[in-house]
Each structure stands twice: as structure tokens, then as C-alpha cells.
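# Sequence first, predicted coordinates after that:
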Amino acid sequence: MINKEKVKHIARLVKLSLTSKEEEKFQKELSSILDYIEQLKEVDTTNIAPASQFLGVVFDSKEQVLVRKDEIEKQDIEVVNKLLELAPETKKRSFKVKPIFSQNKKQNKLLWI
Amino acid sequence: MDLTRFTIEQAHKGLVEKDFSAVELCSAFLKKINDLDKKIKAFLTITSDLALFQARKVDEKISKGEHISLLAGVPCAIKDNILVKDIKCTAGSKILENYIAPYDATVIKWFKKEDMVILGKTNLDEFAMGASTENSGFFPTHNPHDLERVPGGSSGGSAAAVAANMCVYAFGSDTFGSIRQPASFCGVVGLKPSYGAVSRYGLIAMASSLDQIGPLTKNVSDAEVLFDVMRRKDPKDSTNAVLFKDIKQKIFKISDLKIGVPKEYFIKGIDKDVEKIIKNAIKKFEKAGAKIIEISLPHTKYAVASYYITAPCEISANLARYDGIKYGFSKSKASTLEKLYFQTRGQGFGDEVRRRIMIGAYALSVGYYDSYYLKAQKIKTLVKKDFDQAFEKVDIILAPVSPTPAFKIGEKIDDPLSMYLCDVFTGPANLAGACAISVPAGKIGNLPVGLQIIGKSFKEKVILEAGKAFESLS
């Protein structure tokens, strides 16, 4: 069981605003999921290596480790324009970002702590 | 003649023999979608202009007497988490409601070279998270066999579109059962390729260590045709491997097959009629001369729990990119950057996505990594070992796809855990990186039930041959 404070804390970590009703709902649901996951503790995993995928290192046809050359690929200007068009706000072909601090100094407590 | 009932080969034959043109074929499907999709709701976007443009190109080739590929002019549908250039791609999420794909996914690029015809983009659970398509940020899809029931998920729109003859074939993606379970619920064929077999470039990422693109079709031969085009090497996906060393199989005979039946897949909780259909299917293989061997995959029961750590952890990282700055929904009136993040993500993501992001962040937070993510990755090793040991004794494994047939819309949506347990028989193959296919095996009333054939990683040809053999036995 996780408490409501914990739910609020996690939501802050992943930058999700939740209403207080949602906090309650997620507290219940996350608790039941985490309780279910607890059963993994039954499994003895001593000396078992963790795995993310089983392909291991990928080789090419000449048995060389397959790594891409670290170089800049020239991108079609049309694609670049399309990428910029997708942004809500741009300025001089750059993404425009909101101010990190508020004009109102009182509001500048750091939310993520 | 109803043109929409064709398989790929039948459609191709009709085009080459000039029984109908590609535009006529395409128009028949667009009409079908127009007639049926009001009720089924399989499509999020219908791309009539693109489809007719692509079809006209094929007709030009035919009229000039040029050779056309098997896929040329054959209309299909694409799950809406796979990018098609200049077409909206929502991943079933409000956060990407107006996102226009700036480029093609690699698989789409390859299929365009074969002169594919794209009818539209199909509905899915938001970011492919779910087993019923009810988690779509837009609307649920209905099962064509019973409109009150779900089509399964997350590739529910693709499965429903194939089942209702609104396309010849469709693309789906499978992270823990998302191709096979809807294929089973809708009575179509669904192939989940081995992890690494098909390029993931241009597939909107959910759980990157498990996601795979695969085909949904009317029969196993069609799945094979599509898989053969899909499984080329793509330098843009570092986990995409060329490991098909033994593509040339010796002549396939059912009587040479050693088939494993895992006892853990016939447990309490499986629907009695589903069990009967699957056991009957196994008997058909046995009668045809295959050797049936009972096997054990002891870690089966831990696969779901392990997945609900692995996937949320990867999801919380993969979905961090939806920040309201580069693309997608943006709460652009927010006064500061931090408020923009909170409001954009809080309002743009649906419940299941938010649940998984939070579980992931919790499991990855300080002090929990070893007991959650690391533990889950170790369980993954154990599940893989189960399969490795089984495949020392057998060539393929036969099992149910889902413990039940399609359930009612609304039945499980308020209980996330019961939805998660839908994947109990499909998920282990994903964890092991194996390939698996769902093939229609029977019906309970009007509800289809699929047989799952699981094969060793990169032994797609074996399960495809077994699937074709099963179709001929049915």
C-alpha cells in the first residue's frame, strides 16, 4: 500500500498534475498493482544475470560489431521544416521555451523538491 | 463479386489478370469502411486521397505492362502508432491528436517501394497500453463478431478492420500480446515476430526492449508474405538483427514435428470452451502424426508481474519526451516551463498511461531499482531459460492465446489488474524474445478463439509452416 503523499511525490517526479480525486483513485490502483508485483519476491534470483534483450551484441555480415558511424546525417530541409512546424511555439527556427522562473517571485519555489 | 473478401494472393491475381483495377479495389474498401466503420470504429483516420493516389500509380504500371509486386495495389490499414509521412499519427493519445508524421517508419518506406495502398490508420489503446482498445483517447473499437464486445488490444482497430473486410491486411505492434490477443478475439491471423526481427524505427516507442511490429491477416500465407518484406535489416534500429541463417527449411512435414504443450497454460481460470478448442487443435496435430510432449514453463505465472515493472520503467523514460515543447498537445498558456510540463502531461495523457508512468517512476526511484527493475530483468532471464529448455525437446509450443474469448466493453476497464491478466499466455513469448502466431482455431457461439503457436527466436518459418498446416487440417 502506498500513501497519498507518495502518489503526490511520484506525480511531481514525472511532472503530471493530478486533481485530488485523481490522487485518491491512483493511490488505490497503484497499490493494487504494486501488491500484485510483490509476488516476484517468491522467486529466488541468486546468481541469475539480468537481461534486457537476448540479441546480445549485434554483428554485421563480416562478424564486425554493428555500430553506426558517429556522423551527422544531412537532413532534408523539408523534413526540418516539418519538424519545426510541429512545435507549438518557435522563434528564428528554434523551439521556444517558457521562462523557467515566474515573474512573480513568490511563485518561484521549486516544485520538484 | 465482393472484392473485399480477398487475401493478398487473390487480390494480386485479380489485378494482374485485370479482373478489376487497383482503383476499383481501393474504392470497394473505402465504401466498405464508409458503410461499416460507423459501428465498428476501427479507424482513427481514413486516408482516401493517399489510397487512391497509390492505387492510380499501380494502375498506370499495369496499363504499361510493367511487373507489379505481390503487395502492389493491395489495400491495407496501419496501426496508428506507426508513422506514415504527412499523415496524422496519434498513437491513440490526445497528446498527439494533431501530430502529422514528418517521415515514414522504415517498414512503411519498404512497403511503399512495393506500391502498398494505405486506407487509413487504426485505433489502439493509448500508446499501445491495454488489451481491449478501450484505453484509446478517442473512442473504443467494437468487435465485428459482436458489437457489444471488445476487439482485444492494443491492435484492436487493425484486427477489427481485417476481420470486417475493411482491408486485406493490417500492421499491428505487439509488446506483450497486442497483435495475438486481438487476432484471437477477432478471428484473424496475427504474427508477433521475434524481438529484433523487424525494424522499430518509426514505431512510437512504448517498452523498447519488447515492442515489435507484425502483420494481421486473413490467413497464414499472407502473414508470411508480409513478414518476408518486413524482416530486412535496418541500420536505423540497433536492435534489428540479421539472424535468419536457416531460412531454407527442409521440406516441412507435420509428422516430423515435436510439439510442446505447457502445463502452466491450462490452469484454473481458463474458460472451459477455450480449453476444449485448444485441446482439440492439439489433437488434430497429433492425428496428423506430430509428437505431443507435455512440457513445463515454470516461470509463466511471474511473467505478468515482471512485465508490469519492465514496461512501466521503460514507459516512464520513453514518454518523458511529451513535454509540450517540440510537438504534440501543449498547454501553451502556462506561465512557466514547469507549469507547462505539469499541465500538458496531466491533461494530455489518459489514465492507463499515467498509471504506468507513475509505476515506472516509483520502481526506478532511489532505493527501489534492485528490488524492482533489476529483479524483473532477472525473471526475464528465467522465463527465457524456461523456453530454451523446452525448445531443446520440442520444435514448437501450442497454447491458448487468451484465457477467454472477447469480453464485454466496460467489463474490465475499471479494474486495471484484471485487464493486465488478459496477457498471461501471450506475454512470456515477448519476455523470451520468441516468435509466436495466433491462428483461428474455433468459435464459442459467434466468438472466435485463436490457437497460439510459439517458436524459437528467428524460427518464424517453422511457426508459419505449422500455422499453414493447421489451417489445412481445420
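Great, that's in hand. Small disclaimer: the values here were computed from a predicted structure and weren't measured.
# contacts, neighbours, all on C-alpha from now
Fine.
# can you list the weak-confidence ranges in the chain?
By default, I'm working from chain A. Per-residue confidence of chain A (counting by pLDDT under 70) places the weak regions at A:53-67, A:102-113.
# meant chain B, my bad for not saying
Low-confidence regions of chain B, defined by pLDDT under 70, span residues B:242-250.
# Nearest to the spatial middle of it, which residue is it?
When CA atoms, centre = their mean is applied to chain B, the residue found nearest the centroid is residue B:179 (2.4 Å).
# which ones are touching the residue nearest the centre of chain A?
Nearest to the geometric centre of chain A sits residue A:14, at 7.3 Å (CA atoms, centre = their mean). Residue A:14 is in contact with B:316, B:320, B:357, B:358, B:361, counting by CA atoms under 8 Å, 6 or more residues apart in numbering or on different chains.
# May I ask which two of these are separated the most?
Every pair in the contacts of residue A:14 was compared (CA to CA); the two farthest apart turn out to be B:320 and B:358, at 11.6 Å.
# Those two - which one has more neighbours?
Neighbour count, other CA atoms under 10 Å in any protein chain shown: between residue B:320 and residue B:358, residue B:358 has more, with 28 against 13.
# what's the closest non-adjacent residue to that one?
On the basis of CA to CA, 6 or more residues apart in numbering or on different chains, the spatially nearest residue to residue B:358 that is not a chain neighbour turns out to be residue A:10, at 6.1 Å.
# buried ones in stretch B:35-50?
Residues B:36, B:37, B:40, B:41, B:42, B:43, B:44, B:45, B:46, B:47, B:48, B:50 are the ones in stretch B:35-50 that count as buried (16 or more other CA atoms under 10 Å in any protein chain shown).
# which residues sit in contact with the residue nearest to the centre of chain B?
If you count contacts by CA under 8 Å, 6+ apart, residue B:179 has them with B:153, B:154, B:155, B:159, B:172, B:173, B:190, B:191, B:192, B:214, B:215, B:216.
# out of those residues, who has the most neighbours?
When neighbours are taken as other CA under 10 Å, the top entry among the contacts of residue B:179 is residue B:159 (42 neighbours).
# three-state assignment of that one?
Here residue B:159 takes the helix state, with states given by DSSP: H, G, I helix; E, B strand; the rest coil.
# quick one, what contacts it?
Taking CA under 8 Å, 6+ apart as the definition of contact, the neighbours of residue B:159 are B:151, B:170, B:179, B:182, B:183, B:186, B:188, B:216.
# ok, of those, which one's closest to chain A?
For those, the minimum distance to chain A (CA to the nearest CA) is 19.9 Å, reached by residue B:179.
# how close does the residue nearest to residue B:358 sit to residue B:334?
Applying CA to CA, to the nearest Å, one obtains 21 Å for the distance of residue A:10 from residue B:334.
# The two: which is more packed in?
When neighbours are counted by other CA under 10 Å, residue A:10 and residue B:334 differ, and residue A:10 comes out ahead with 20 against 16.
# pretty sure the more buried one contacts residue B:357?
No. With contacts counted by CA atoms under 8 Å, residue A:10 stays clear of residue B:357, the gap being 9.2 Å.
# what bridges to residue B:170?
Here residue B:170 sits in beta bridges with residue B:77, residue B:216, as judged by DSSP bridges.
# What is the burial count for it?
Summarising burial for residue B:170: neighbours were counted as other CA under 10 Å, giving 31.
# Kindly report the same for residue B:421.
By the measure other CA under 10 Å, the count of residues near residue B:421 is 15.
# what's the answer for the one 5 residues further on, then?
Applying other CA under 10 Å, we find 31 residues neighbouring residue B:426.
# same for the helix or strand hosting residue B:391, what does it pack against?
With secondary structure defined by DSSP states H and E, residue B:391 is part of helix B:375-393. Helices and strands in packing contact with helix B:375-393 are listed as strand B:258-262, helix B:303-318, helix B:427-431; criterion 3 or more CA pairs under 8 Å, 6 or more residues apart in numbering or on different chains; DSSP states H and E.
# let's go with 10 Å and repeat that
Identification of packing neighbours for helix B:375-393 by 3 or more CA pairs under 10 Å, 6 or more residues apart in numbering or on different chains; DSSP states H and E yields strand B:258-262, strand B:291-295, helix B:303-318, strand B:396-400, helix B:427-431, strand B:447-455.
# Quick check: can you name the pairing partners of the first one and their directions?
By that I understand strand B:258-262. Partner strands for strand B:258-262, per DSSP bridges, with pairing direction: strand B:291-295 (parallel), strand B:396-400 (parallel).
# Mind putting those strands into TSV with mean neighbour count?
Rendered in TSV, the data for these read as follows (neighbours: other CA atoms under 10 Å in any protein chain shown):
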stretch	mean neighbour count
strand B:291-295	16
strand B:396-400	25
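# Contacts only, for residue B:276.
Neighbouring residues of residue B:276 by CA atoms under 10 Å, 6 or more residues apart in numbering or on different chains: B:282, B:442.
# Now do the contacts for residue B:269.
Applying CA under 10 Å, 6+ apart, we find residue B:269 in contact with B:403, B:404.
# again, only using 8 Å
Residue B:269 makes contact with residue B:403 under the criterion CA under 8 Å, 6+ apart.
# Residue B:178 too?
Applying CA under 8 Å, 6+ apart to residue B:178 gives the contacts B:128, B:130, B:131, B:152, B:153, B:154, B:155, B:172.
# how near is it to chain A?
To chain A, residue B:178 is 19 Å away according to CA to the nearest CA, to the nearest Å.
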